[in-house]
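Participant: Quick one, what's the 3D model for this:
(chains A, B, C and D)
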Protein chains: 4
Amino acid sequence: MKELSAQARWETRTQRPLLVLAVLFALAYAVPIVDSAASRLLTVACTATEWVVWGAFAADYVVRLSLTRRRGAFVRTHWMDLCAVVLPLLQPLRLLRLVATLMLVGRRARMASQIRLTTYVAGSVVGLLMFGSLAVLSVERDSPNGNIRTLGDAVWWSFTTMTTVGYGDHAPTTGLGRVLAVGLMLSGIALLGVVTANIAAWFIARFEKDDVEERRQTQAIEALTEEVRALRAEVAALSGAVAVPEPAGEDRVL
Amino acid sequence: MKELSAQARWETRTQRPLLVLAVLFALAYAVPIVDSAASRLLTVACTATEWVVWGAFAADYVVRLSLTRRRGAFVRTHWMDLCAVVLPLLQPLRLLRLVATLMLVGRRARMASQIRLTTYVAGSVVGLLMFGSLAVLSVERDSPNGNIRTLGDAVWWSFTTMTTVGYGDHAPTTGLGRVLAVGLMLSGIALLGVVTANIAAWFIARFEKDDVEERRQTQAIEALTEEVRALRAEVAALSGAVAVPEPAGEDRVL
Amino acid sequence: MKELSAQARWETRTQRPLLVLAVLFALAYAVPIVDSAASRLLTVACTATEWVVWGAFAADYVVRLSLTRRRGAFVRTHWMDLCAVVLPLLQPLRLLRLVATLMLVGRRARMASQIRLTTYVAGSVVGLLMFGSLAVLSVERDSPNGNIRTLGDAVWWSFTTMTTVGYGDHAPTTGLGRVLAVGLMLSGIALLGVVTANIAAWFIARFEKDDVEERRQTQAIEALTEEVRALRAEVAALSGAVAVPEPAGEDRVL
Amino acid sequence: MKELSAQARWETRTQRPLLVLAVLFALAYAVPIVDSAASRLLTVACTATEWVVWGAFAADYVVRLSLTRRRGAFVRTHWMDLCAVVLPLLQPLRLLRLVATLMLVGRRARMASQIRLTTYVAGSVVGLLMFGSLAVLSVERDSPNGNIRTLGDAVWWSFTTMTTVGYGDHAPTTGLGRVLAVGLMLSGIALLGVVTANIAAWFIARFEKDDVEERRQTQAIEALTEEVRALRAEVAALSGAVAVPEPAGEDRVL
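Facilitator: The predicted model follows:
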C-alpha cells in the first residue's frame, strides 16, 4: 500500500467528492431548463454552481497532471478526462464506471466485457435521453421555427428519435439540436445492436452449456492416462522380476 | 402429493378460473372502447365486470398471502402478481405462461430458454398491440389535438410504432398515450432483437450440428482405452508366465 | 423411376408450364395498374388472362388431389398450394423454390438452411416490394384521402416502409393498403434479422475455421493409437520369445 | 521482382497519383454544390478538373487493359474498375482499400474478413453520407416541390434516412433523389447489421477465449503420448534383457 503513488492516493481520495460534484453539475444544468420561469436568484445560483464545479474539475485535472511523472503519457491516456473538463456534462459518466463495477460483482470473468459494454451503452442511452432532451429543449425553445417547446415534447422527441421511430411531429431545426439528434440516433443503433447481441450470445451460450461431451472427453483421457500409468508400473515390476534372476543365472555359469 | 402446501393446492385449483377471469377482464375492458356507441347498460355491465374480476384477483392474492408461511419472501418473489393486482390489464399475461409451457413440449432442454424468451416477447408484442391500441384510443379520442379517433387508426398507429416505421400520420399527443407509445417502441426493439438472435442462433447451431468431429474423437479415445486394457491383460498374463518359471529356475540351482 | 407415382409424374411435367403461367399472371396483374390509361381491349385481355391462369392453377390442384391416394394428408401438407389457388399472386413464389435450388448448387450441406432462408426472405422482400407497390397503388389511387397516386410514389413508399424509415410523405389510408403496409414492415424486420444473422454467422464461422486445434487433437490421438498398437505387437513378440524358451527350460528340468 | 508483369508495375506506379486524382475529383464535384454562389470561373475550373480526372481514369483503364494478356478475364474480374470509370464518384472507394489494409496491420488473420467488411461498410456509409448529401442537394435544389435546399438540410436528411429514423421534415421528391435515398436506407440496414454482428461476435469470442479446456485436453494427450513412449522404450529394453540371456541359457544347455 505504501507504494501507491501520490497521484493514485489523490484519485482515491477525490473519487467520491467529484462524483457528488458531477451530479450537482447535472442538477444545476437541468434546473433552469426545466423550470423556465425560475426566479433570477435560482438561475444565478445554478450558473454559479456550474462554474464552481467546473473550476473543481479543472483543478483536479491540473493537480493530477502535476502529481504524475510522465505528463505526456498522462495527457494521452486520460484524454477522456480532458474532454470531460472541456464538456462538463460528460462528468456524470463517472457514475457509469461505478455501476459497471457493481454489476460485475459475483459474475464470471468471461461475462465481464459483455456486462461492461451493455452497462456503458445502456447508461449512455439513459444519459443521452435525459441530457439530450434538456439540451435540445434549451436550444430549440428559442428557435423561431422550433417545435420542441416543453420538456414533455423534448422527452417524447428523444424517445421517438432513439428508437428510430421518428414520427416527425417534433424535430430539431437548429444545427446544435440536429447534432444532438444524430448522437441520439447513433446511440439508438448501438442500443439495438447490444440488445440483439446479448440475446444472441445468451441463446448460443445455452448451446455450449450442454457441451458436456467436452468434459466427458477430458475425463476419458485422464482415465486412460491412469490406466497406462498402472500398466507401466506393472511392466517395471515385471522387468525387475525378469532382470533379477538373470544375473543369478550368470552367476550360476561361473 | 400429500406434501403439497395449502398454498400450492389453492394455486392449482384457482389457475383455470383465474385465467377465464383474466380473459373476461380483457373483454370487459375492450368492449366499451371498441363500441364507443355502446348502450349505457353494456357500459355499466362492463365496468361492473371489471370491478368484480379485480376483486377476485385481489382476494386471490390475499388468500395466497395468508396461506403462505414466509410472507415477506412471498411478497418479494411474487411482485409480478402484486403488479397484476394493481394493473389488472397485465393479468392476460397468465396466458403466456400457458403458451410457453405448451411450446416447450417435445423440445430439447437446451432450447427451453430460447423458446420461453421468444414466446414471452412475441406474446407481449401481441398483447401490447391489442391493449396498447385500445388504451391509446381511449386516451386520445378525447384529446383536443388528438389524431387517433377510430379503432382502425389506433391499430394502424400501433403497427407503425412497433415496427419503428413511424410515418407520423397518427401520433399520440397526451402524456399517457406517449408512455404507451414508448412501451410499444421498446417492445419493437425487443422483438427485432429476438427475431435476429433466433435466426443467428439457428444458423450457428447448424454449424455445430456437423461437428461430428467431436463425437468421432471421443470414439477414438474409447477405442484406444479398449486397446490399452487388452494390452494390460496380455502383459499381466506374460508377467505370470515369466514370474512362475523363474522361481523354478532358481529351484533348479538348489 | 418406374416407381414414380402418377402424382409425381404430373408434377414433374406441369412444373415449367405452371411457372410460365405464374409469371404471366403477374404480368396480367401488373399491366392495367401500371398503365392506368390502358385501352379497354388490353384491360379485358389482362382480366381474361388472369381468369384463364387462375383456372389452370385450380385445375392443377384438383388433378393432383385426384391423383393422390391419401387426400386428407395432401390437403394438410400442401396448404401452401391451396393458398396460392385462392390468392394467385402468391404463385410467383414458385420462382423462389427454383432460385433457392440454384443457389444451393456446389455449397456445403451445412450452409443449406442458411442459404434457403436468406433466399426466401430476400425473394419475399423483392416480391412484396413489386406486388405490394402495385396492390397499394391500385387500392390507394381511388381513395378520396389517398396520397399514393403514381407508380413512382408507390415504389418509393414501399422502400421507405420496408426499411422502416417511414417519412410519412406518403402513407396508405385504406384498410387493405394498411394490411399490405404491415406485411411490408414485417418483411423489413425479417430482412434486417436475416442480414444481421448472416453477417454474425459469417464472423463466427471464421473463428471456428481456425480451430485447427480440434483437428490437431484428433491427429494426436490417432498417432498415439498407432504407437500403442506397435507396442502391443512388440509385447506380443516378447511374450512369444519369453514363452517359447520357458517350456525349453521346463524341458531342461525333466 | 523481375517477374512483375508490365500491368502490375503500371498499377504500383499509378496507385498514388490516382488516389490523389480521386480525392481531387470529389473536391471538384463538391465545391460547386456546396458554394451555390460560386463564381463562374470556379465552376468552370471544377468542371474542367472533373473532365481531366475522368480522362485520366479512362486512360488508366485503357492502358491496363492493353498491358494485360487475357483481356476478357481482365474485364470480368475488374468490372468494379469499369464501373468507377463510368461513375467516377465511386473512385474515392480506393481510399477504403487503403484504410482496410492499414486496419489489418498487427491483427490476427482470423479477424481479417471481419475488419475488412466492417471497414467497407463503415466507409461506404461515410461516403454515402457525404456524397449522397451533395448529390441529393444538387438534384433537389432545383425541384419545384423540393424541400432540401441547403447543405445543412441535406446532411441532416442523410442522417435521418441512414439511421432509418425518417422524420419526414425533409424528403426527396425527384426520381434520382429517391434512388439515392434507397441507397442510404440500404446502407443503414447494412451498418446496423455490421454493428450488431460485431458486438455479437465479440461477446461469443469471449466465451471461446476461456475455452482453456480445449488446450488442457491437447496437453493431456501429449503427456500421455510421452508416457507411452517411455513405456515402449522400457519394454524394448526388457525385451533385449530377456532375449539376450535366453540364448545364453540355451548355450548352457549345450
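Participant: CA atoms for contacts and neighbours, from now on please.
Facilitator: Will do.
Participant: since we're on A:L192, how many residues are nearby?
Facilitator: Neighbourhood size, A:L192 [other CA atoms under 10 Å in any protein chain shown]: 24.
Participant: Could I get the buried residue list for the lengthiest helix in chain A?
Facilitator: Determined from DSSP state H, the single longest helix within chain A is helix A:175-209. Across helix A:175-209, burial judged by 16 or more other CA atoms under 10 Å in any protein chain shown covers A:177-178, A:180-208.
Participant: ok and it relative to helix B:175-209, angle-wise?
Facilitator: Per axes from the mean of the first three to the mean of the last three CA atoms, to 10 degrees, the angle that helix A:175-209 makes with helix B:175-209 is 40 degrees.
Participant: Give the rounded mean pLDDT of helix A:175-209.
Facilitator: The pLDDT scores in helix A:175-209 average 88.
Participant: So which of the buried residues of helix A:175-209 would count as near chain B as well?
Facilitator: A:L192, A:G193, A:V195, A:T196, A:A197, A:I199, A:A200, A:F203, A:I204, A:R206, A:F207 (CA under 8 Å from any CA of the partner chain).
Participant: Now that we have those residues, can you turn them into CSV and tack on distance to C:A236?
Facilitator: Converted to CSV, these look like this (distance: CA to CA, whole Å):
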residue, distance to C:A236
A:L192, 67
A:G193, 64
A:V195, 63
A:T196, 61
A:A197, 59
A:I199, 58
A:A200, 56
A:F203, 53
A:I204, 50
A:R206, 49
A:F207, 46
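Participant: Whatever residue of the stretch 1-150 of chain A ends up closest to chain C: helix or strand, and which one exactly?
Facilitator: Distances between the stretch 1-150 of chain A and chain C by CA to the nearest CA are smallest at A:Q114, namely 16.2 Å. For A:Q114, the element it lies in under DSSP states H and E is helix A:112-127.
Participant: from the middle of its chain, how far away would that helix be?
Facilitator: Relative to its parent chain, helix A:112-127 has a centroid offset of 5 Å by CA atoms, centre = their mean, to the nearest Å.
Participant: next one: stretch A:144-154
Facilitator: Relative to its chain's centre, stretch A:144-154 lies at 32 Å (CA atoms, centre = their mean).
Participant: Tell me the residues of chain A that contact chain C?
Facilitator: Residues of chain A lying close to chain C by CA under 8 Å from any CA are A:T164, A:V165, A:G166, A:Y167, A:G168.
Participant: so which two of these are the farthest from each other?
Facilitator: Distance extremes for the residues of chain A next to chain C: the farthest pair is A:T164 and A:G168 at 10.8 Å, using CA to CA.
Participant: who's more crowded, these two?
Facilitator: Using other CA under 10 Å as the criterion, A:T164 and A:G168 rank with A:T164 on top: 32 against 24.
Participant: Could you verify my assumption that the more buried one touches D:Y167?
Facilitator: No. At 9.1 Å, A:T164 and D:Y167 do not qualify as touching, with contact defined as CA atoms under 8 Å.
Participant: what about the helices in the stretch 51-200 of chain A?
Facilitator: Here the stretch 51-200 of chain A has its helices, by DSSP state H, counting those that start in this stretch, at A:71-77, A:79-86, A:93-104, A:112-127, A:133-140, A:151-162, A:175-209.
Participant: Now do the first one: which elements does it pack against?
Facilitator: The helices and strands touching helix A:71-77, judged by 3 or more CA pairs under 8 Å, 6 or more residues apart in numbering or on different chains; DSSP states H and E, are helix A:40-67.
Participant: which secondary structure element contains the residue nearest to A:R64 when sequence neighbours are not counted?
Facilitator: Among residues not flanking A:R64 along the chain, A:Q7 sits closest, at 5.9 Å (CA to CA, 6 or more residues apart in numbering or on different chains). Assigned by DSSP H and E, A:Q7 belongs to helix A:6-34.
Participant: and the angle for that helix with helix A:93-104?
Facilitator: Going by the same axes, to 10 degrees, helix A:6-34 makes 110 degrees with helix A:93-104.
Participant: Buried residues of helix A:6-34, list them for me.
Facilitator: In helix A:6-34, counting by 16+ other CA under 10 Å, buried: A:7, A:18-19, A:21-26, A:28-30, A:32-33.
Participant: same question, stretch A:134-149
Facilitator: For stretch A:134-149, a neighbour-count test (16+ other CA under 10 Å) marks A:L134, A:A135, A:V136, A:L137, A:S138, A:V139, A:E140, A:R141, A:G146, A:N147, A:I148, A:R149 as buried.
Participant: circling back to that earlier point, residues contacting the closest residue to the residue of the stretch 1-150 of chain A closest to chain C other than its chain neighbours?
Facilitator: Nearest residue to A:Q114, sequence neighbours excluded (CA to CA, 6+ apart): D:F203, at 5.9 Å. Contact partners of D:F203, counting by CA atoms under 8 Å, 6 or more residues apart in numbering or on different chains, are A:S113, A:Q114, A:A197, A:N198, A:A201.
Participant: how about a cut-off of 10 Å?
Facilitator: Going by CA atoms under 10 Å, 6 or more residues apart in numbering or on different chains, D:F203 touches A:110-115, A:117, A:194, A:197-198, A:200-202, A:205, D:197.
Participant: I'd like the helices of the stretch 51-200 of chain A laid out as JSON lines, including distance to B:L104.
Facilitator: Output for these, formatted as JSON lines (distance: least, CA to CA, whole Å):
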{"stretch": "helix A:71-77", "distance to B:L104": "51"}
{"stretch": "helix A:79-86", "distance to B:L104": "49"}
{"stretch": "helix A:93-104", "distance to B:L104": "31"}
{"stretch": "helix A:112-127", "distance to B:L104": "28"}
{"stretch": "helix A:133-140", "distance to B:L104": "43"}
{"stretch": "helix A:151-162", "distance to B:L104": "35"}
{"stretch": "helix A:175-209", "distance to B:L104": "15"}
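Participant: out of those helices, which comes closest to B:L224?
Facilitator: helix A:175-209 (26.5 Å).
Participant: before we move on, the earlier item: quick check: which of the residues of chain A next to chain C are also close to chain D?
Facilitator: Among these, proximity to chain D is found for A:T164, A:V165, A:G166, A:Y167, A:G168 (CA under 10 Å from any CA of the partner chain).
Participant: ok, so of these, who is nearest D:E234?
Facilitator: A:T164 (73.5 Å).
Participant: Any chance of the backbone angles for that closest one?
Facilitator: When read as degrees, to the nearest 10, the backbone of A:T164 gives phi 60, psi 20.
Participant: which one is it nearest to, not counting chain neighbours?
Facilitator: A:T164's closest residue in space is D:V165 (CA to CA, 6+ apart), at 4.1 Å.
Participant: how many neighbours does A:V75 have?
Facilitator: The burial count assigned to A:V75 is 14, neighbours taken as other CA under 10 Å.
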